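Chemist: test case, fold it:
(one chain, ligands or ions: 1)
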Amino acid sequence: MIATKELTSSNIKTPINISSKDFTYNKYAYYKWLREEAPVCKGKFAVVNLYLLSRYHDCVNMLKDSRFVRNRTTATGGSRMPFPVPKSVTLLSQSMIVEDEPAHRRLRNLVHKAFTPRALTQLEDRIEHLTHELLDQAEQQGKVDIKEAYALPIPVTVISEMVGVRDTDMEKFRTSMRVLTTGLSGWSLFRTLFWDMRSSSAFIRELIAYKRANPQDDILTALIQAEEEGDKLSEDELVSMVFLLIIAGYETTVHLITNSVVTLLQHPDQLARLRERPELLDSAIEEIMRYNGPVHGTKLGYAVEDVTLHGVTIPKGAAVMPLLGAANHDPAVFENPEVFDIARTPNRHLGFGQGIHYCLGAPLARLETRIALKNLLERSPNLQLTVAPEHLQLQNIPGWHRYERVSVMLR
Ligand code: HEM
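Modeler: Now for the predicted structure:
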């Protein structure tokens with residue numbers, strides 16, 4: 001974990017700005033203070049005011065509570081987004097993750113089969129092969145940014161092949177997605193919203209047109225056929241679905257693989273234990289998800305009525321974010337939460353969310369990360385960071401814990 005400062009009620013300023021660099025670098029100290037002193041606390045996310053929840057049970061309850069909805073219009077009668085955005089952005093943002101039942105179930109049912117552990121077994125060989133190919137290239141350089149050279153191309157390749165992006169479009173696709181997902185904070189957020197999302201939307205529409213004319217064995221073709229068979233998905237819904245799958249499919253896993261490398265290298269005793277007992281790998285991945293996972297908050301939930309919790313009233317229409325990263329360090333649930341223990345049991349972390357929006361791609365993320373780590377650790381017995389962990393830079397993106405780059409020596 002990145003070093004944190006001591007926070008007390010006298011040096012903390014509310015509302016807590018979760019978009020600030022200070023929060024990004026000291027999030028675990030903020031989480032502790034929030035859990036102990038202000039379990040329902042006012043916060044700010046860019047221009048949006050919200051309430052932050054930080055205790056494990058409060059987060060779980062909120063994610064299962066029908067008094068909180070994802071569709072902002074249901075709670076407020078206003079627009080879907082909390083601030084004005086171009087139509088293309090609204091369309092891209094209307095996917096299952098911001099829908100409530102029954103609209104959510106309808107969309108999720110259309111794709112869930114592609115992501116079951118059984119459906120994924122056929123991907124194992126492909127991922128094995130891909131990871132070895134990437135390691136062959138990386139080893140020739142010796143010193144690499146493990147995120148760029150290894151953690152990123154694995155999920156990008158896998159999700160784009162699953163969805164059905166053509167080889168010839170891969171470069172365009174990667175550039176378009178890269179721009180989108182690095183521009184989520186500060187001023188670049190506006191460029192992302194007003195320009196890059198438009199071009200990504202156009203790219204996905206072209207891809208849909210191509211698949212209509214050239215059906216193949218992939219998720220996009222299956223979605224188009226479902227649409228044509230039973231009036232299941234409109235063109236706009238199709239675009240949103242593809243956008244969500246692509247973004248969720250890799251933007252998360254790249255950081256789980258990267259965070260895994262950092263966390264294991266920061267804990268040499270646990271890394272040695274894992275090397276000695278490779279059967280602990282699955283459990284180690286769950287502990288990395290808990291201790292230093294990539295996703296620290298969910299999409300916003302909106303209160304459909306006044307809700308009072310720990311003496312604080314969250315007014316009807318207000319936005320709420322459960323801080324999964326804070327919940328995952330809650331001592332009420334996890335014994336010695338600040339200890340990184342790759343054999344921890346039980347480990348009911350919230351890194352993949354909870355309730356109806358529980359991560360659809362969790363089996364895929366686990367599979368990719370397991371193969372990626374196994375092959376990296378086997379082939380690099382002397383894997384090392386080239387900078388001290390406290391000098392690693394974080395990306396300033398609310399709701400995430402992601403490193404800018406992680407330079408390592410492979411041999
Ligand atoms: C380490 C990797 C991953 C992490 C940490 C992660 C985390 C999460 C979390 C926390 C949620 C709940 C968000 C919320 O409630 O607002 C979620 C939902 C979702 N994830 Fe993942 N995810 C990962 C990988 C993937 C992959 C590989 C896919 C594949 C497409 C995927 C697809 C989705 C989708 C579609 C949802 C929305 C589900 C729904 O609304 O019913 N995720 N993920």
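
Chemist: strands of the protein, residue ranges please.
Modeler: 16-17, 40-45, 48-53, 68-69, 143-145, 301-303, 307-309, 312-314, 319-322, 384-385, 407-409 (DSSP state E).

Chemist: which one is the residue in the stretch 51-200 of the chain that the ligand sits nearest to nearest to, not counting chain neighbours?
Modeler: In the stretch 51-200 of the chain, the residue that lies nearest the ligand is residue 97 (3.8 Å; C-beta to the nearest ligand atom). For every residue, glycine as well, the C-beta is placed using N, CA and C. In space, and not counting its chain neighbours, residue 97 is closest to residue 299: 5.4 Å by C-beta to C-beta, 6 or more residues apart in numbering.

Chemist: from residue 77, how far out is that neighbour?
Modeler: Look at residue 299 and residue 77: by C-beta to C-beta, to the nearest Å, they are 19 Å apart.

Chemist: who's more crowded, the two?
Modeler: Remark: of residue 299 and residue 77, residue 299 carries more neighbours, 14 against 8, as counted by other C-beta atoms under 10 Å.

Chemist: returning to what we had before: next, count neighbours for the residue of the stretch 51-200 of the chain closest to the ligand.
Modeler: 20.

Chemist: and the residue in the stretch 251-400 of the chain that the ligand sits nearest to, its phi and psi?
Modeler: Closest to the ligand within the stretch 251-400 of the chain is residue 361: 1.9 Å, counting by C-beta to the nearest ligand atom. Recorded main-chain torsions at residue 361 are phi -100, psi 10, according to degrees, to the nearest 10.

Chemist: kindly report the same for residue 55.
Modeler: According to degrees, to the nearest 10, residue 55 has phi -90, psi 140.

Chemist: thought it was touching residue 39?
Modeler: Yes. In terms of C-beta atoms under 8 Å, residue 55 counts as a neighbour of residue 39; the distance is 4.9 Å.

Chemist: neighbour count winner among those two?
Modeler: Neighbours were counted for residue 55 and for residue 39 using other C-beta under 10 Å; residue 55 has more, 23 against 20.

Chemist: check contacts around the more buried one.
Modeler: By C-beta atoms under 8 Å, 6 or more residues apart in numbering, the contact set of residue 55 is 35, 39, 326-327, 330, 332.

Chemist: can you redo these as TSV with distance to residue 408 and pLDDT?
Modeler: TSV is the format used below for the contacts of residue 55 (distance: C-beta to C-beta, whole Å; pLDDT from 0 to 100):
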residue	distance to residue 408	pLDDT
35	33	98
39	38	98
326	29	98
327	30	98
330	31	98
332	36	98
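
Chemist: pick out the residue closest to the middle of this structure.
Modeler: With distances taken as C-alpha atoms, centre = their mean, the residue of the chain nearest its centroid is residue 252 (3.8 Å).

Chemist: can you pull the contacts of the closest residue to residue 137 other than its chain neighbours?
Modeler: Of all residues not flanking residue 137 in the chain, residue 149 sits nearest, at 7.2 Å (C-beta to C-beta, 6+ apart). With contact taken as C-beta under 8 Å, 6+ apart, residue 149 is in contact with 134, 137-138, 141.

Chemist: list buried residues within the residues you listed.
Modeler: For the contacts of residue 149, a burial check counting by 16 or more other C-beta atoms under 10 Å picks out 134, 138.

Chemist: pipe the contacts of residue 149 into TSV and attach pLDDT and distance to the ligand per row.
Modeler: Converted to TSV, these look like this (pLDDT from 0 to 100; distance: C-beta to the nearest ligand atom, whole Å):
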residue	pLDDT	distance to the ligand
134	98	18
137	97	23
138	97	21
141	95	26
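
Chemist: around the ligand, pick out the residues from the protein.
Modeler: 96-97, 108, 244-245, 248-249, 252-253, 256, 293-295, 298-299, 351-353, 357, 359-361, 364-365 (C-beta under 6 Å from any ligand atom).

Chemist: among the residues you listed, which are in helices?
Modeler: Among those, the ones falling in helices (DSSP state H) are 108, 244-245, 248-249, 253, 256, 364-365.

Chemist: my read: residue 296 touches residue 397, true?
Modeler: No. Taking C-beta under 8 Å as the definition, residue 296 is not a contact partner of residue 397, at 9.7 Å.

Chemist: what about these two, which has more around it?
Modeler: residue 296 (26 against 20).
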